[in-house]
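**Student:** how would this look folded up:
(chains A, B and C)
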Amino acid sequence: MPELPEVEVTRIGLLPHVRGRRVTGIAVRNPFLRYPLPPDLGARVVGRTLAGIARRGKYLLFDFEPGVLLVHLGMSGSLRLVPADTPPDRHDHVDLLFEKRALRLRDPRRFGAMLWLDKDSGAHPLLRTLGMEPLSDTLTGEVLHLALRRRSAAIKQVLMDSHVIVGVGNIYASESLFRAGIRPSTAAHRISRSRCARLVEAVKSTLQDALAAGGSSLRDFVGSDGKPGYFQQQYFVYGRVGLPCRLCGAPIRSLRQGQRSTFYCPHCQR
DNA sequence: CTGGTCACCTGGAAGC
DNA sequence: TGCTTCCAGGTGACCA
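**Tutor:** Presented below is the predicted three-dimensional model:
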C-alpha cells in the first residue's frame, strides 16, 4: 500500500478542500473491501460536516464529530477529489459527495477498508493495538532498543510490524535499513543501543524525505490531486537488484523475507 | 507472547 | 498471439 508518506500526502492534500464541508450524499458501487462497508454508512455521514482528518499509522480518520470514518488504502488504494459528474472507473468503489465534488476511493485490489467508528475510536481493535508513530518524539533509539529486546526475528520484519512501529512498509523498511547500514536479516535483539539510535534517525529521515518529495509513485497510487510523487527517484536499494550501490558501487542484492522482497547493499550494510 | 504461513483480490509484466 | 506464472504498497487470522 501506500505507506505512511503516501497516506500523509493524501491527508494533507485533501484537508484544505474538505474541512468544514458538509457531506451531501454517498455512492457505493462495491461495498466489498477488506471488510464489508457498513450498510448504514450513508445515514451516518450524509448531512454531517467534516471537522478534520487525522492519521494513525496508515489509517486516515475523517472526523465527523459524533464518530469517525476510518479509511485504509490497503495495497492499491487512493483517494481523489474529482468533479461530482466524473464517470467512475471500474475500481472506483465509493464516493463521498461534497456539493459539486466527490471524494473518490479507488482500490483495484480491495485490500483497503472503510469503517465507521463511534466515539472513543481509539479503542477500536484495529487502532488500539498499533505501535509507535515513527515521526513522533516517542520513538527514540532507547525506546526502540527496549522494544526489540525479545524479538529474535529479522529486523526488517520487526520494522514492518505495525504493533511495534506504524507506517513503515516494504519499501521504506529496506530504504531505512540501508541508511542505517544494517543488514535486513540481522536478529532484531542483537542490534546495539547505538545502532538502534542510528536506525531511528534513518527511519525518520527516510519518511520525512519521502513526504517532502510528495511520496512515491507506486503502481496504483496517485496523490489526492492526482499527481505522482517523486521519492522513487531517491531509492537507494528498493527495486535496484543488480544495479550498483549509489554509495559504493557494489551490486544491490535481494532476498525474500516473509514472502516479501528485501533489497540491500552487501557492502554498506553489515 | 513469539514467529511463521496463509488468505484476501486484481492487473501488469515476463516467460514460453 | 495467447496462455501461464510470478509479482506488487498491507495486515489480520491461524497454527505450532
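**Student:** just the helices in the stretch 51-200 of chain A please.
**Tutor:** Using DSSP state H, counting those that start in this stretch, the helices found in the stretch 51-200 of chain A span residues A:125-128, A:141-147, A:155-159, A:170-180, A:193-212.
**Student:** the shortest one and DNA strand C in contact?
**Tutor:** Just to be clear, that refers to helix A:125-128. Yes - part of helix A:125-128 sits near DNA strand C under the criterion Cβ under 7 Å from any atom of the strand, namely residue A:126. In this view, the C-beta of every residue, glycine as well, is placed from N, C-alpha and C.
**Student:** what does the stretch 51-200 of chain A put close to DNA strand B?
**Tutor:** Going by Cβ under 7 Å from any atom of the strand, the residues of the stretch 51-200 of chain A near DNA strand B are A:76, A:90-91, A:108-111, A:150-154, A:157-158, A:188.
**Student:** so which residue of the stretch 1-150 of chain A comes closest to DNA strand B?
**Tutor:** Residue nearest to DNA strand B within the stretch 1-150 of chain A: residue A:109 (3.4 Å; Cβ to the nearest atom of the strand).
**Student:** quick revisit: turn the helices of the stretch 51-200 of chain A into JSON lines, columns for mean pLDDT and mean neighbour count.
**Tutor:** Shown next, in JSON lines, are those (pLDDT from 0 to 100; neighbours: other Cβ atoms under 10 Å):
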{"stretch": "helix A:125-128", "mean pLDDT": "96", "mean neighbour count": "12"}
{"stretch": "helix A:141-147", "mean pLDDT": "98", "mean neighbour count": "17"}
{"stretch": "helix A:155-159", "mean pLDDT": "98", "mean neighbour count": "24"}
{"stretch": "helix A:170-180", "mean pLDDT": "98", "mean neighbour count": "25"}
{"stretch": "helix A:193-212", "mean pLDDT": "97", "mean neighbour count": "18"}
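**Student:** let me see the contact set for the residue lying closest to residue A:144 once chain neighbours are set aside.
**Tutor:** If the residues on either side of it in the chain are set aside, residue A:144 comes closest to residue A:196, at 4.6 Å by Cβ to Cβ, 6 or more residues apart in numbering. Contacts for residue A:196 (Cβ atoms under 8 Å, 6 or more residues apart in numbering) come out as A:141, A:142, A:144, A:145, A:148.
**Student:** ranges for the strands of the stretch 151-270 of chain A?
**Tutor:** Assigned by DSSP state E, counting those that start in this stretch, the stretch 151-270 of chain A shows strands spanning A:253-257, A:260-264.
**Student:** number of nearby residues for residue A:91?
**Tutor:** 17 (other Cβ atoms under 10 Å).
**Student:** hang on, it packs against residue A:106?
**Tutor:** Yes - assessed by Cβ atoms under 8 Å, residue A:91 is found in contact with residue A:106 at 5.2 Å.
**Student:** nearest residue to residue A:255 other than its sequence neighbours?
**Tutor:** In space, and not counting its chain neighbours, residue A:255 is closest to residue A:262: 5.3 Å by Cβ to Cβ, 6+ apart.
**Student:** and if you look at residue A:264?
**Tutor:** Leaving aside its sequence neighbours, residue A:264 sits nearest to residue A:184 (Cβ to Cβ, 6+ apart; 5.3 Å).
**Student:** repeat for residue A:115
**Tutor:** Nearest non-adjacent residue to residue A:115 (Cβ to Cβ, 6+ apart): residue A:70, at 4.7 Å.
**Student:** quick one on the thing from earlier: switch the strands of the stretch 151-270 of chain A over to CSV; also include mean neighbour count and mean pLDDT.
**Tutor:** Below are those laid out as CSV (neighbours: other Cβ atoms under 10 Å; pLDDT from 0 to 100):
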stretch, mean neighbour count, mean pLDDT
strand A:253-257, 15, 97
strand A:260-264, 20, 97
